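Undergrad: Sequence and predicted structure are below.
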Amino acid sequence: MTDAKESSRAVIYLRVSTKEQAERGGESEGFSIPAQRDACLRKAAALDAVVVDQFIDRGESAKSAKRPELQRMLTFVAEEQIDYVIVHKIDRLARNRVDDVEINLALRKAGAVLVSCSENIDETPTGALLHGIMSSIAEFYSRNLANEVNKGLIQKAKNGGTPNRAPLGYLNVRKFEDGREIRTVEVDPERAPLVVWAFKTYATGEWTIRTLLAEVTKRGLLSRPTRKRPAKPVTISAFHEMLKNPYYIGVIRYRGVDYEGKHERLIDRQTFEEVQRLLEAHNFAGEKQRIHHHYLKGSIFCGKQHEDGTVCGARLIVTNARSRSGRIYPYFTCIGRQRDPLSCSQRAVLIDDVENEILGVYKSIDLSDDLRLQTEQVILEQINELRKSVGDERQQLVVRQRRALDERAKLLEAHYAGAIPLDLLKIEQERISRDLNHVEERLASLELKFDLAEQNLKTALSFVANLDRAYEEADAKVRRQMNQALFTRILVTDAGDVIGELREPFQLLFQVIGSSTDGAIQHRKGAETTRGPVKEPRGLNKESLVELAGLEPATSWVRSRRSPS
């Protein structure tokens, strides 16, 4: 390229659509760019013009004019005196008519003429007509190609394939079978175990997204490297999207529609649903990293009773108070009062006192050997009844599951045929997915091994008989799990009393052993932690088991309190 004062000045613009085209054959510019350059240089020579610069967009689509080298060229032409802008074909410059018009107006304003090596376009009416026709053809080709590609990707998703790049934990793999290229997805042996760990860990509810991301990054979870970008830590937004992606349970979501994938599942549906529930509840953008940690946080709440009889119910948080001597005293304080002092008058409570009172709750639970055997007998009878009814329910659920799957398949066929719009398809798919999730959860719950359940029952009853000892000897993590398993919440009153509101299964059990009132166990501050009175199991708490009625003279069937029979 040389300057010549008497010759016309020209620039050339070169473009290929993909990175593969730009690097094909192992060459730095592939095959297409050098061919375009040679044609443009010959055209410049025919115009007796000197090429003063060239602009090359490698791997840029012409569907948009926001290409770095194209914009640089338009700026250069506007600032310099350029006579010709030479391209190999019109479609190298633009593939939609709006961009074509805007680019040509910019060139005309700068005093430059667009020249094509392949089409005979000029400033004459015939040349302008040909230019318009070629521009329309380029736009038609681009739109038709996109439509055909989209149809192919939809069909691939319908068949269970992965139309896009596989998410973290998987690898896009190319294989050759009988000389034919096959693109598939395989599990990434390096990242998949870390992805599984992240899902299961977040499902425990004990981690925020930020703390979990920091830990899993420390364990080695990085993004997949490319030829130009090395592996790097995953961003928090990408990590959040990973936890929401149904691909890990075998569902391919493409263009708003869900398809059953053929790839290997990394996460079971129950864990995935729990993660989604926690994500929605926590609202990760508002999550905060807690400064003070304690195993009771999240389990204890303010039990201050207002004048209207309602309970505050706000969370209790850890606050450290420093005395004049510099000693630190840890307290539980009501977060509602901290935010609005007028909303609650609950006083701060020493953490040690709360811990002791909760231990007192556990010590108030008693299950003697005789009562344990009677309770065991009642529950085993219920298990036997359940064993008989499970078979019929399983059969009904399988039929319901098959119908839902058939309905989903028919919906997709109707959508492909144009009978159902996309928005209605999404609504129906969500309804069917909810139904299938319910069926799968119920089927999973019916996969109960009754022999194992009976064994676990006996173990659990033995454990309950020494519940206070187990809680007292447990570490902080196990104590947290025990509290969350037994209680929906633990209220700490203004007087320092502790009320544990039992979860539904334990309401029945502790009603049987008689240590609860209205589904709660209460321990008053300063009260002795002795065993409380217990009731007998339901069905065994009446002297007369048969009502005095009938045509015969009334006869009382009285059982002895000494015998459970």
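TA: Yep, that arrived.

Undergrad: Tell me who's in contact with the residue nearest the centre of the chain.
TA: In the chain, the C-alpha nearest the mean C-alpha coordinate belongs to residue 244, at 1.8 Å (C-alpha atoms, centre = their mean). Applying C-beta atoms under 8 Å, 6 or more residues apart in numbering to residue 244 gives the contacts 276, 279. For every residue, glycine as well, the C-beta is placed using N, CA and C.

Undergrad: per-residue confidence at it?
TA: Looking at residue 244, its pLDDT is 90.

Undergrad: pretty sure residue 16 contacts residue 32?
TA: Yes: using C-beta atoms under 8 Å, residue 16 is in contact with residue 32, at 5.0 Å.

Undergrad: These two: who's more crowded?
TA: residue 16 (22 against 19; other C-beta atoms under 10 Å).

Undergrad: And the more buried one, how far from residue 248?
TA: As defined by C-beta to C-beta, to the nearest Å, residue 16 lies at a distance of 36 Å from residue 248.

Undergrad: Same question for residue 103.
TA: 45 Å.

Undergrad: Those two: which is more packed in?
TA: residue 248 (26 against 19).

Undergrad: so what's the more buried one up against?
TA: 167, 169, 195, 199, 265-267, 272.

Undergrad: Distance check, it against residue 380.
TA: Distance of residue 248 to residue 380, given as C-beta to C-beta: 39 Å.

Undergrad: Find the least confident helix or strand in the chain, judged by mean pLDDT.
TA: Least confident helix or strand of the chain, by mean pLDDT, DSSP states H and E, is helix 19-22 with a mean of 54.

Undergrad: Residue 478: which element?
TA: Taking DSSP states H and E as the definition, residue 478 sits inside helix 476-486.

Undergrad: next SSE after that helix?
TA: As assigned by DSSP H and E, the chain's next helix or strand after helix 476-486 is strand 487-492.

Undergrad: can you give me the offset of the helix or strand following that following strand from its chain's centre?
TA: Counting by DSSP H and E, the next helix or strand C-terminal to strand 487-492 is strand 498-502. Remark: strand 498-502 is offset 33 Å from the chain centroid, using C-alpha atoms, centre = their mean, to the nearest Å.

Undergrad: What pairs with strand 498-502, parallel or antiparallel?
TA: Sheet pairing for strand 498-502, assigned by DSSP bridges, gives strand 487-492 (antiparallel), strand 520-523 (antiparallel).

Undergrad: which residues touch residue 441?
TA: Contacts of residue 441 (C-beta under 8 Å, 6+ apart): 269-270.

Undergrad: how much space between it and residue 401?
TA: 11 Å.

Undergrad: For the one helix or strand residue 397 maps to, name the packing helices and strands.
TA: Assigned by DSSP H and E, residue 397 belongs to helix 369-416. Secondary-structure packing of helix 369-416 (3 or more C-beta pairs under 8 Å, 6 or more residues apart in numbering; DSSP states H and E): strand 257-260, helix 422-446, helix 450-465, helix 504-513.

Undergrad: if we go to 7 Å?
TA: With contacts defined as 3 or more C-beta pairs under 7 Å, 6 or more residues apart in numbering; DSSP states H and E, helix 369-416 has these neighbours: helix 422-446, helix 450-465, helix 504-513.

Undergrad: Least confident of those, on average?
TA: Mean pLDDT values for those show the minimum at helix 504-513, a mean of 62.

Undergrad: tell me the SS of residue 199?
TA: Three-state assignment for residue 199 (DSSP: H, G, I helix; E, B strand; the rest coil): helix.

Undergrad: do you know how far it is from residue 281?
TA: Going from residue 199 to residue 281 by C-beta to C-beta gives 16 Å.

Undergrad: higher neighbour count, those two?
TA: Using other C-beta under 10 Å, the more surrounded residue of residue 199 and residue 281 is residue 199, with 21 against 8.

Undergrad: so that one sits right up against residue 270, yeah?
TA: No: contact criterion C-beta atoms under 7 Å: residue 199 and residue 270 do not qualify, at 10.9 Å.

Undergrad: And for residue 417, the neighbour number?
TA: By the measure other C-beta under 10 Å, the count of residues near residue 417 is 8.

Undergrad: how far away is it from residue 425?
TA: Separation of residue 417 from residue 425 (C-beta to C-beta) stands at 12 Å.

Undergrad: and if you look at residue 522?
TA: Counting by C-beta to C-beta, the gap from residue 522 to residue 425 is 53 Å.

Undergrad: And for residue 333?
TA: Residue 333 is 51 Å from residue 425, by C-beta to C-beta.

Undergrad: Same check on residue 404?
TA: Noted for residue 404: a distance of 15 Å to residue 425, by C-beta to C-beta.

Undergrad: sorry, back to before: report the buried members of the contacts of residue 248.
TA: 167, 169, 195, 199, 266-267, 272 (16 or more other C-beta atoms under 10 Å).

Undergrad: between those, which is nearest residue 484?
TA: Using C-beta to C-beta, residue 199 comes nearest to residue 484 of the buried ones among the contacts of residue 248, at 19.5 Å.

Undergrad: Helix, strand or coil: sort out the nearest residue to the closest one once chain neighbours are set aside for me.
TA: Excluding its sequence neighbours, the residue lying closest to residue 199 (C-beta to C-beta, 6 or more residues apart in numbering) is residue 267, at 5.0 Å. Three-state call for residue 267 (three-state DSSP): coil.

Undergrad: Could you tell me the least trusted of the strands paired with strand 498-502?
TA: Of all these, mean pLDDT reaches its minimum on strand 520-523 (a mean of 74).

Undergrad: got the CA positions of it in PDB?
TA: Provided in PDB are the C-alpha atoms of strand 520-523 (Å, rounded to 0.1, in the frame of the first residue of the first chain):
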ATOM      1  CA  ALA A 520     -45.600 -27.400  71.800                       C
ATOM      2  CA  ILE A 521     -43.200 -28.200  74.600                       C
ATOM      3  CA  GLN A 522     -42.600 -25.400  77.200                       C
ATOM      4  CA  HIS A 523     -39.900 -25.000  79.800                       C
END
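
Undergrad: and it, how far from the chain's centre?
TA: Taking mean C-alpha positions (C-alpha atoms, centre = their mean), strand 520-523 and its chain are 37 Å apart.

Undergrad: got the contact list for that strand?
TA: Outside strand 520-523, the residues that touch it by C-beta atoms under 7 Å, 6 or more residues apart in numbering are 357, 360-361, 364, 497-502, 510, 515.

Undergrad: among the residues you listed, who's most crowded?
TA: Neighbour-wise, the contacts of strand 520-523 (other C-beta under 10 Å) top out at residue 500, 28 neighbours.

Undergrad: bridging residues for that one?
TA: Residue 500 has these beta-bridge partners by DSSP bridges: residue 490, residue 521.

Undergrad: Which pLDDT value belongs to it?
TA: pLDDT at residue 500 comes out at 86.

Undergrad: any low-confidence regions in the stretch 1-150 of the chain?
TA: For the stretch 1-150 of the chain, the stretches flagged by pLDDT under 70 are 1-6, 18-31, 61-64, 97, 122-132, 134-150.

Undergrad: In stretch 233-245, which residues are buried?
TA: Neighbour counts over stretch 233-245 (16+ other C-beta under 10 Å) mark 234, 239-240, 242-243, 245 as buried.

Undergrad: I'd like the distance between the nearest residue to residue 361 once chain neighbours are set aside and residue 337.
TA: Leaving aside its sequence neighbours, residue 361 sits nearest to residue 523 (C-beta to C-beta, 6+ apart; 4.6 Å). Using C-beta to C-beta, we find residue 523 at a distance of 23 Å from residue 337.
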